[in-house]
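1. What would the 3D arrangement of this be:
(one chain, ligands or ions: 2)
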Amino acid sequence: MSLSIADKIREWGVVPVVVLQRAKDAEPLAEALCDGGLPCAEITFRTVAAQEGIHIMAEKFPDMLVGAGTVLSRQQVDAATGAGAKFIVSPGFDAEVVDYCLGREIPVFPGCVTPSEAAQAVKRGMQAVKFFPAESFGGAAAIKALSAPYTGLHFIPTGGIAPENLEKYLGCSSVIACGGSWMVKGNLIEEGKFDEIKRLATEAVKLAAKIRGAKGGEL
Ligand SMILES: O=C[C@H](O)COP(=O)(O)O
Ligand SMILES: CC(=O)C(=O)O
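-> Ligands and ions are numbered 1, 2, ... in the order given. Reported below is the predicted structural model:
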């Protein structure tokens, strides 16, 4: 994976994880996130609109960091990167998908929640992985425990994270940023509430900066 992608994500502290039902919502969604100071989105390959949504965002907002989530196959890696995705995320550690990306120098963040999965990532020289589903798999305490033996490995926890528990995660020195859908909920997108998405994105970035500031820039 590319450190520059991880560094960018670290700046914002949060990664919006999007389930996009209609490709036509991609443009106003990207605009809301950019205006909210969070020019980043992980568009999950859980809907047929994902590929076109990534294409629209990548083309119209070239400075935005648009990636693909829920990538489960090499074919989806090709579809996502062909549409303009700059990084690939998978919920679990699929060696085939990971090796395909690494072989092509495509930044990839596979899900790792166990020492065995972390070991596979470390063996491949990876420095950053997803930790999903974060709340169900032990939360920040589990990340801290994994970080003890795997000292060079960094995590992007996702799943069950919201403003209320963001601090627990961003307080871990091995956490790059937290993924979450709370600022891009499906109902907000489908009801066209892009001002609300912008407000939630702004608040999320501010909260992450405040938490990290309070930690004295530990991250
Ligand atoms: O599968 C869900 C996404 O990864 C984001 O999780 P979340 O909705 O709990 O923030
Ligand atoms: C949740 C997650 O990591 C994914 O869908 O890719």
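2. The closest residue to residue 124 other than its chain neighbours: how many residues sit nearby?
-> Spatial nearest neighbour of residue 124, excluding adjacent residues (Cβ to Cβ, 6 or more residues apart in numbering): residue 102 at 6.1 Å. C-beta: built from backbone N, CA, C; applies to glycine. Residues lying near residue 102 (other Cβ atoms under 10 Å) number 15.
3. Am I right that residue 102 is in a helix?
-> Yes - secondary structure of residue 102 (DSSP: H, G, I helix; E, B strand; the rest coil): part of a helix.
4. What separation is there between the residue nearest to residue 55 when sequence neighbours are not counted and residue 166?
-> Spatial nearest neighbour of residue 55, chain neighbours left out: residue 83 (4.1 Å); criterion: Cβ to Cβ, 6+ apart. From residue 83 across to residue 166, the span is 30 Å (Cβ to Cβ, to the nearest Å).
5. now do residue 17
-> From residue 17 to residue 166 the distance is 14 Å (Cβ to Cβ).
6. Tell me, please, the helix or strand in this structure that averages the lowest pLDDT.
-> helix 3-12 (a mean of 87; mean pLDDT, DSSP states H and E).
7. I figured the residue nearest to residue 55 hits residue 54, correct?
-> Yes - between residue 83 and residue 54 there is a contact under Cβ atoms under 8 Å: 4.1 Å.
8. between the two, what contacts are shared?
-> residue 68 (Cβ atoms under 8 Å, 6 or more residues apart in numbering).
9. Which one's more surrounded, these two?
-> residue 54 (29 against 20).
10. okay but residue 41 is in contact with residue 31, surely?
-> No - if you go by Cβ under 8 Å, residue 41 and residue 31 don't touch, sitting 11.4 Å apart.
11. Which of these two has more residues huddled nearby?
-> residue 41 (29 against 17).
12. counting contacts, what elements does the host helix or strand of that one pack onto?
-> Using DSSP states H and E, residue 41 sits in strand 40-44. Applying 3 or more Cβ pairs under 8 Å, 6 or more residues apart in numbering; DSSP states H and E, one finds that strand 40-44 contacts helix 3-12, strand 14-18, helix 26-35, helix 50-60, strand 65-69.
13. Go again with 10 Å.
-> Packing partners of strand 40-44 (3 or more Cβ pairs under 10 Å, 6 or more residues apart in numbering; DSSP states H and E): helix 3-12, strand 14-18, helix 26-35, helix 50-60, strand 65-69, strand 88-90, helix 194-214.
14. what's the shortest one packed up against?
-> This means strand 88-90. strand 40-44, strand 65-69, helix 74-83, helix 95-103, strand 108-110, strand 128-131.
15. can you redo the ones you listed as JSON lines with mean pLDDT and distance to residue 4?
-> Shown next, in JSON lines, are the helices and strands packed on strand 88-90 (pLDDT from 0 to 100; distance: least, Cβ to Cβ, whole Å):
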{"stretch": "strand 40-44", "mean pLDDT": "98", "distance to residue 4": "13"}
{"stretch": "strand 65-69", "mean pLDDT": "98", "distance to residue 4": "10"}
{"stretch": "helix 74-83", "mean pLDDT": "98", "distance to residue 4": "16"}
{"stretch": "helix 95-103", "mean pLDDT": "98", "distance to residue 4": "15"}
{"stretch": "strand 108-110", "mean pLDDT": "98", "distance to residue 4": "14"}
{"stretch": "strand 128-131", "mean pLDDT": "98", "distance to residue 4": "11"}
